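[1] Got a sequence here, can you build the structure:
(2 chains)
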Amino acid sequence: MRTRSSLTASATLGAVAVLTAGCLSEGGGGGGGNENTSSTIELMYGFTGQQSDDFIAVVKPWAEENDITINFAPTPDFNSLIVTRVQGNQLPDIAIFPQPGIMKSIAERDVLADLSDVLDVGDLEANMVPGMLEAGQGDDGTQYAVLMSSNIKNPVYYPLKAADAVGLDQPPQTQEELLALTDKIAATGTTPWCFGIEAAAATGWPATDWVESLMLINYGEDVYDQWVNHEIPFNDPQVLEVLNQMEELLLAEGRVSGGRESVAANNFGTAGNVMFDDPPGCYMYRQGNFLAQPGFFPDEIVANLDSEVGVFPLPGTDPESKPVLGGGDMASLFSADNEAAQKVMEYLTSTEFQDAAIAQSESYLAPRSDADSSGYDSETSRNFATIQNEATVWRFDGSDQMPGEVGTGSFWREMTAWIAGDQDAQTTLDNIENSWPA
Amino acid sequence: MTIKILNALIAVVGGVLGAIALYYLLNKLAELLPGRWEDRVKPYLYLLPALAAIGLYLVYPTFQTIVYSFANAQSTEFVGVDNYVNLLSSPSFQSTLFNTFLWILLAPAGTIVIGLLIATLADRLRPRGEKLSKTLIFLPLAIGGVSAGAIWRFVYAANPPNQEQVGLLNGIVTGFGGEPVNWLQLSDFRFNSLLLMVMLLWMQAGFAMVLLSAAIKGVPTETLEAARLDGAGEASVFFRIVIPQIRTTIITVFITVLIGVLKTFDIVYVMTNGNFNTNVIAVDFYNQLFTNNNAGYAAAIVVMLLIIMIPVLVFQVRQFRAEEAAR
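    Here you go, the predicted model:
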């Protein structure tokens, strides 16, 4: 008897010793979860640094006025953290997703509120370009998320001061005109395009934006959606056509500054800077609107952005079609019945918030087309807003919606190998298709 | 912050007290046993916590990994040997394996050769010069792989020809009127992999040098003098007198570097992320698990790594035993 009780005691104590030594943690952080009925709510999101500071600077005063306490929870590792927290049922009240893919997979667990009960969806639909509201819907059309900030991937930057000489004062209205312009500049002996896809461990992603943009431009949103959702194979002949088009426009001899070999080693953030040389090293560089923020173009260009940098959107197949490839952060509601959280959702999707964010932040682009464009701090930023708001169709960045194996794996890797000249276009697409998870 | 400090304190105090309590109880437990049994059982009881920890943190995960390597990406269903078959038949994984073998073949041997060379040459310098040169060469060992990547990025950096070159190598090349070269994209003959190995040599040569230099200094001078008296040249003194006497140190260094090479991740991840045909097994494992969320492939890759490691470990243990026996 005595033996057994000491055995049990020692076993228990041993287990406790082992457990306490390694498993203490900080607890749940309070608030949170579906059952939260208080006016203290947790708001989780994936952007950090200046962007997060600006966000808090706008939202916090509003929340105080409305007697809502918001626990801001920014994390650079949003995707894995939100999955872990949903699995452990430690839900935030609101989460702002950087990608629709991860949002949809979480919506499948029935933890996200249907926002049509909370927000005036009709008003949003009327004030967002076609496709933007749909980006936050599940496959059955339920509105799980709404963009609260946006960005665009299809601006083409050009040097304003050198533009007249090559006819860039009249930006091309169609793909045909773009090709003609490219030919015309190439004929002068200068490479028309800048292109760089080096991004350390993420090398290759800027190339995916090109493919996605051209898919959307050439074949329209239906084929684009089918391709992104893998309803047509990744190596469909239409995609091969896009790669060939990229090759003709961008990669062929004499097209790209530094030659095709240099693209994979050229950093995406600074690849366009030779366009400000005298004479320009290139005339056009397509990159997301983030490029106009300080830290990419040379300082003296950034200081005089509006007089140095021109922007036009990658044109459609005809002057009337203006497809825009974009992205953004989408707000979702976990605590469906929490009034404070509902109010915050209304606020984030309102012009009140978006006008304030425009005024506060250098990089913010408002998804609502009725937001106050006069608040942007530069003509360039206003141009981005115009490009977005004139879109005939808007689609979320495709690689952000594809499975991770492809969207952040093989798509980057194989495009890099193709551009570096290690393999041909068909092999590239076949490899990506083969990597698509069953 | 306070809660973190409190947590840490509780963990330390609780861990130590827990360990004392555990061993006290185990001891009491053994004392309950009759006479001779107490002495027989006690050592095993004392070993028990350590064995349990190894079992929990090493043996169990190993077996779990082997099991997962036969399961699908989400580890929910068994798929037989599909993971192995698919990996081994994919050209990109074959290339990854080939690169890994190149690393195994060249990097440890290269480290030994360079380490020996430096050790021998530094041995002939005056004490101050020897100290200085050894310190400088030893320094990179204190630099982590990612930091080394930040440094070597500036060596291999390649800008387009119409831009200023910030890379050291391309600065030299263009200084002599050449065209800049994209060093890390030169996959012919796996030249870019060799360039990455240079980084490892840079980091590890100091380690090899220190051990080998100590061993060389330990070679009895009588043997050297005897050889020289018998008319041996410097080369044969080195190869036939010094090398055989420092053989065990060479093997130790070789195996240590070899194990390091098999785990090489940071250099390749930072410099190329496995692009341009430079992928190695550890980077592929990381990408399978964290980019592709494919636990099956990831597990299969580490099991293969384990299989490659086993002969090395067996050799090392044997070598260690032989050394012990020779003493």
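[2] going forward, measure contacts and count neighbours with C-alpha atoms only.
    Fine.
[3] Can you give the domain ranges for chain A?
    A:4-151+A:327-390, A:155-323+A:400-435 (automatic domain parsing).
[4] Let me know the pLDDT of residue 235.
    Using chain A here. Here the pLDDT value assigned to A:Asn235 is 96.
[5] hm, I was asking about chain B
    On the pLDDT scale, B:Ala235 is placed at 91.
[6] ok, now B:Thr291?
    pLDDT for B:Thr291: 82.
[7] Quick check, B:Ser95 in contact with B:Asn277.
    Yes: B:Ser95 lies in contact with B:Asn277 (C-alpha atoms under 8 Å); the separation is 6.9 Å.
[8] Comparing those two, which residue is more hemmed in?
    The neighbour comparison of B:Ser95 against B:Asn277 (other C-alpha atoms under 10 Å in any protein chain shown) goes to B:Asn277, with 24 against 17.
[9] distance of A:Thr37 from chain B?
    When C-alpha to the nearest C-alpha, to the nearest Å is the yardstick, A:Thr37 and chain B sit 27 Å from each other.
[10] and that residue, helix, strand or coil?
    What DSSP: H, G, I helix; E, B strand; the rest coil gives for A:Thr37 is coil.
[11] So which residues on the stretch 1-150 of chain B come close to chain A?
    Counting by C-alpha under 8 Å from any C-alpha of the partner chain, the stretch 1-150 of chain B comes close to chain A at B:3-4, B:7, B:11-12, B:14-15, B:18-19, B:21-22, B:25-26, B:29, B:32.
[12] Restrict those residues to the buried ones and give me that as a PyMOL selection.
    With 16 or more other C-alpha atoms under 10 Å in any protein chain shown as the criterion, this PyMOL line picks the buried residues out of the residues of the stretch 1-150 of chain B next to chain A:
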select buried, chain B and resi 7+11+14+15+18+19+21+22+25+26+29
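[13] Relative to A:Glu261, which of the residues of the stretch 1-150 of chain B next to chain A is nearest.
    B:Lys4 (50.7 Å; C-alpha to C-alpha).
[14] Looks to me like that closest one is in a strand.
    No: according to three-state DSSP, the state of B:Lys4 is helix, so it is not within a strand.
[15] what's the average pLDDT for stretch A:323-336?
    Computed over stretch A:323-336, the mean pLDDT rounds to 96.
[16] dump the residue contacts of B:Gln288.
    B:Gln288 sits next to B:Asn294, B:Ala295, B:Tyr297, B:Ala298 when contact means C-alpha atoms under 8 Å, 6 or more residues apart in numbering or on different chains.
[17] one more time with 6 Å
    B:Asn294, B:Ala298 (C-alpha atoms under 6 Å, 6 or more residues apart in numbering or on different chains).
[18] Give me the pLDDT value at it.
    For B:Gln288, the model assigns a pLDDT of 90.
[19] where do the strands sit along the stretch 201-350 of chain A?
    A:285-286, A:309-313, A:323-333 (DSSP state E, counting those that start in this stretch).
[20] and the angle from the last one to strand A:309-313?
    In this case it means strand A:323-333. On the basis of axes from the mean of the first three to the mean of the last three C-alpha atoms, to 10 degrees, strand A:323-333 is oriented at 90 degrees to strand A:309-313.
[21] Buried residues, strand A:323-333. List them.
    A:Pro323, A:Val324, A:Leu325, A:Gly326, A:Gly327, A:Gly328, A:Asp329, A:Met330, A:Ala331, A:Ser332, A:Leu333.
[22] and the nearest residue to the last one once chain neighbours are set aside, how many neighbours does it have?
    This points to A:Leu333. Excluding the flanking residues, the one nearest A:Leu333 by C-alpha to C-alpha, 6 or more residues apart in numbering or on different chains is A:Ile94, at 4.7 Å. Neighbours of A:Ile94 under the rule other C-alpha under 10 Å: 26.
[23] B:Thr96 is in contact with B:Val280, isn't it?
    Yes: under the criterion of C-alpha atoms under 6 Å, B:Thr96 makes contact with B:Val280 at 4.9 Å.
[24] Thank you, goodbye.
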